[in-house]
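>>> quick one, fold the following:
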Amino acid sequence: MIESYADVDVLVVGAGPTGLTLAAQLARFGVRFRIIDKQRSRAGESRALAVQARSLEVLQSLGLGEALAVRGQSTTRLLLHVDRRDPPSIDLGHVSRPDTRFPYILFVSQAETEGVLGRHLEKKGVAIERGVELAAFTERATDIRCVLRHQDGTEESIGTQYLVGCDGAHSTVRKGAHIPFEGGAYPQNFALGDVEADGYLEPGAIHAFGAGRGFAMFFPLGHPRSWRVMAMEAVEGSREASTDGDVTTGDLALDELQQMVEAPTNGSVRLHDPAWLTRFRLHHRQAMRYRQGRVFLVGDAAHIHSPVGAQGMNTGIQDAWNLGWKLAMVVEGLARPPVLDSYHEERWPVGHTLLRVTDRLFGAFAKSISGTELMMAIRRVLIRGVVAPALTRPRIRAVAFHFVSQLGVHYRGSPIVAEGEPRLHRGPKPGDRLPDARVRHGNDITYLQQALAGPHLHLLLCGPVAAQDAQCLADLEDQFRGVVSTVRLTRHESNSALIDQDGEALRRLGVADAAQYLVRPDGHIAFRCAGRDLNPTIRYLRHWFVAEHDRRGS
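Below you'll find the predicted structure:
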C-alpha cells in the first residue's frame with residue numbers, strides 16, 4: 001500500500017447545508033477533515049424553504065431531525081389564486097405514511113437548517129473556516145495538493161486524500177477538475193426577495209398567483225406581513241443550449257419585482273420595505289460524473305434544476321449522507337476503495353431522474369402561463385376542476401408525497417448491494433431505505449431507524465433470539481469489529497434485543513421467521529437474506545469491507 005502523508009483525510013469546500021451534512025457524517029466517524037467556505041459569514045437569506053421527510057430522517061440519525069422540526073411548520077395551506085374568486089385550497093399537512101416519523105413537508109428556512117447543523121458541529125469541536133477559499137489544486141498519486149487563500153490574502157498549501165466540492169453551481173472544485181456541467185437555461189426571468197406585502201394574503205398560508213401572464217408565489221416568513229416572494233416573468237423564445245456552468249444572477253429593484261407580480265396577482269398585492277432582492281435565471285444542468293479520481297461533487301456543484309417539488313437542498317443533503325460514510329470507512333481502512341465508486345453509480349441516476357422529472361413539470365407549467373388567453377382560461381378551469389380536487393384525494397396525495405419526500409429513492413442497481421440466499425420475498429430490497437417503526441428496548445420506546453444509527457453497519461438479526469449459531473455470530477463480530485454492530489429484533493421478551501411488541505417492524509421488513517438485514521450507515525440496506533446461516537453475510541462483508549486481521553496486517 002502506498003503511504004499518504006496528507007495533512008487531512010478530506011477537505012470539504014462549501015459550508016451550506018450539503019457541506020455541513022457531509023462534515024457531520026465525517027465527524028461522527030472521527031475522520032480528519034477541514035471544512036472551508038469563501039463567504040465570511042453564513043448567509044441570512046436563503047432560497048430553500050422546505051425540508052423533506054427523508055432529509056429529516058437523515059438529520060434525526062444525528063439527533064437533529066426533531067430539533068429542526070420544532071423550528072418550522074409541518075402543516076399549512078396552499079391557496080391557488082387563478083382568478084378573482086376565492087382560491088382553491090390544498091392542505092399541505094400530514095400524509096398517511098406510517099413508516100416514517102416525519103410524514104410531512106417541513107417549512108423552515110435554510111438558515112435554520114444550517115444553524116442546527118452548525119451548532120451540532122460546534123459541539124463536536126469542528127471549526128467551520130469562513131473567509132477561506134480554494135484557490136487551486138493539483139491531484140497527485142497519493143493525495144491532492146490544495147492552495148487555500150485566506151481573507152487577508154495569505155495563502156496556505158495543504159494535502160488531502162480526498163477533495164469534495166459542496167460549493168454550489170459556480171463550483172471551483174468542478175471547474176478545477178474540468179468536469180463538464182451539461183444542460184442549459186430556461187428562458188424565463190425570475191426574481192426573489194424578502195419583503196413586506198399588503199393585500200389578500202392569508203397569514204401562514206402559501207399563496208400561488210397565476211391569474212394572468214407570469215407567476216408569483218408568496219411564502220410566509222413568520223411575521224403576518226413578511227413574505228418570501230418568487231416571481232416568474234414569461235419570456236418568448238426557446239431554451240438556451242449553453243453548457244456554461246454559471247447561474248446568472250443580478251441586482252433587482254423593488255419596483256421591478258412589483259411589476260413582475262402585477263399581472264399574476266391582478267394588481268391585488270403591494271410590496272414595500274424589502275430586506276433583500278435578487279434576479280436570476282434558472283438552469284437545468286448535471287455534472288457528467290460525480291467522481292473524478294480523488295475529487296467528488298455534491299449538491300448544487302453536481303446538479304441544478306427547477307425548484308419544482310423543493311428538491312434541490314434535500315437532494316444535496318442526501319448526496320452528502322451517501323458519500324460521507326463511504327469516505328470515512330475507506331480512509332479509516334474499514335471499507336475497500338471500490339466502495340467509493342458507488343457514490344456516482346448510486347447518486348448520479350437520482351440526480352438525472354430528478355432533473356428529467358422537474359424539467360418536464362416545469363416545462364408544462366411554463367407553457368401554461370405564457371400562452372394565449374384561451375390557454376390561460378383552460379388552465380384556470382383545470383386548476384379549479386381537476387388539480388385542486390385531485391390533490392385532496394388520499395391516494396394521489398400519497399403518490400405525490402412518495403416522490404416529493406424522497407422516501408422512495410433507492411439504490412437497487414448499485415454494485416455494493418446484494419440479495420443473499422435463501423432469498424427474502426417480501427420487505428424492502430437491497431438498496432432500499434430501511435423503513436421506520438416503533439420498537440422497545442428494555443423499558444424505553446425508540447424507533448428502528450434510531451436504534452440502527454451510528455458510525456458503522458448494523459446487522460439486524462430478525463426472529464427468535466436463538467435463531468443464529470452463537471459461534472458463527474461471535475466469529476463475525478470478531479472479524480468485523482469496528483465495521484459491524486449486531487442488533488436483534490424479536491417479538492419475544494429479551495433484555496438485549498429490540499422488542500417488536502405489535503409485530504409491525506417485522507411485518508414491514510417482510511419477516512415471518514428468521515432473517516438478516518445488513519443496514520448501511522446511511523440507512524439503506526446493503527444486504528439481506530432469509531434464514532439463520534450467517535455465512536452469506538460474512539462473504540458479502542469480506543468482499544466490500546476489511547476484516548480486522550487484514551487491517552492489522554496492512
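
>>> contacts and neighbour counts: CA atoms only from here.
OK.

>>> what secondary structure does the residue of the chain most remote from its centre sit in?
The outermost residue of the chain relative to its centre, with distances by CA atoms, centre = their mean, is Gln471 at 40.2 Å. At Gln471 the chain is in helix, as set by DSSP: H, G, I helix; E, B strand; the rest coil.

>>> equivalent analysis for His223, please.
coil.

>>> what distance do you get for it to Gly204?
Distance, His223 to Gly204, by CA to CA, to the nearest Å: 9 Å.

>>> neighbour-wise, which of those two wins?
In this view His223 and Gly204 are compared by other CA atoms under 10 Å, and Gly204 has more residues nearby, 19 against 10.

>>> how many residues are close by His94?
Using other CA under 10 Å, the number of residues around His94 comes to 16.

>>> shouldn't it be in contact with Thr75?
Yes: using CA atoms under 8 Å, His94 is in contact with Thr75, at 6.7 Å.

>>> common neighbours of the two, please.
Both His94 and Thr75 are in contact with 104-105, where contact means CA atoms under 8 Å, 6 or more residues apart in numbering.

>>> quick one: Arg130 from Gly153, how far?
For Arg130, the distance to Gly153 (CA to CA) stands at 13 Å.

>>> more neighbours: which of the two?
Neighbour count, other CA under 10 Å: between Arg130 and Gly153, Arg130 has more, with 18 against 9.

>>> give the next helix or strand downstream of whichever strand or helix holds His272.
Following DSSP states H and E, one finds His272 within strand 269-280. Downstream of strand 269-280, the first helix or strand assigned by DSSP H and E is strand 283-287.

>>> sheet partners, orientation included, of that next one?
Here strand 283-287 is paired, per DSSP bridges, with strand 181-185 (antiparallel), strand 303-304 (antiparallel).

>>> which of the ones you listed has the lowest average pLDDT?
Among these, strand 181-185 carries the lowest mean pLDDT, at a mean of 87.

>>> now for the longest helix along the chain, which elements pack on it?
Ranked by number of residues, the top helix in the chain under DSSP state H is helix 341-369. Counting contacts by 3 or more CA pairs under 8 Å, 6 or more residues apart in numbering; DSSP states H and E, helix 341-369 is packed against strand 283-287, strand 291-292, strand 303-304, helix 312-331, helix 373-382.

>>> go with 10 Å
Applying 3 or more CA pairs under 10 Å, 6 or more residues apart in numbering; DSSP states H and E, we find helix 341-369 packed against strand 215-220, strand 226-233, strand 283-287, strand 291-292, strand 295-297, strand 303-304, helix 312-331, helix 373-382.

>>> just the mean pLDDT for it, thanks.
Taken as a whole, helix 341-369 has an average pLDDT of 85.

>>> would you indicate which residues of it are buried?
341-348, 350-351, 354-355, 358-359, 362, 366, 368-369 (16 or more other CA atoms under 10 Å).

>>> cool, stretch 117-126 as well?
Buried positions in stretch 117-126, judged by neighbour count with 16+ other CA under 10 Å: 117-118, 120-121, 126.

>>> could you do stretch 542-550 as well?
For stretch 542-550, burial by neighbour count (16+ other CA under 10 Å) applies to 544-548.

>>> now do stretch 424-441
With burial defined by 16+ other CA under 10 Å, the residues of stretch 424-441 counted as buried are 424, 428-441.

>>> now, which of the residues you listed sits nearest Ile396?
Pro435 (21.0 Å; CA to CA).

>>> excluding covalently adjacent residues, which one is nearest to that closest one?
Spatially, and ignoring its direct neighbours in sequence, Pro435 is nearest to Asp99 (5.4 Å; CA to CA, 6 or more residues apart in numbering).

>>> residues contacting the one you found?
407, 434-438, 504-505, 508 (CA atoms under 10 Å, 6 or more residues apart in numbering).

>>> now render these as TSV, adding secondary structure, distance to Gly312 and pLDDT.
Shown next, in TSV, are the contacts of Asp99 (DSSP: H, G, I helix; E, B strand; the rest coil; distance: CA to CA, whole Å; pLDDT from 0 to 100):
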residue	secondary structure	distance to Gly312	pLDDT
Leu407	coil	15	95
Leu434	coil	23	98
Pro435	coil	23	97
Asp436	coil	24	97
Ala437	coil	28	97
Arg438	strand	30	96
Glu504	helix	33	95
Ala505	helix	31	96
Arg508	helix	29	97
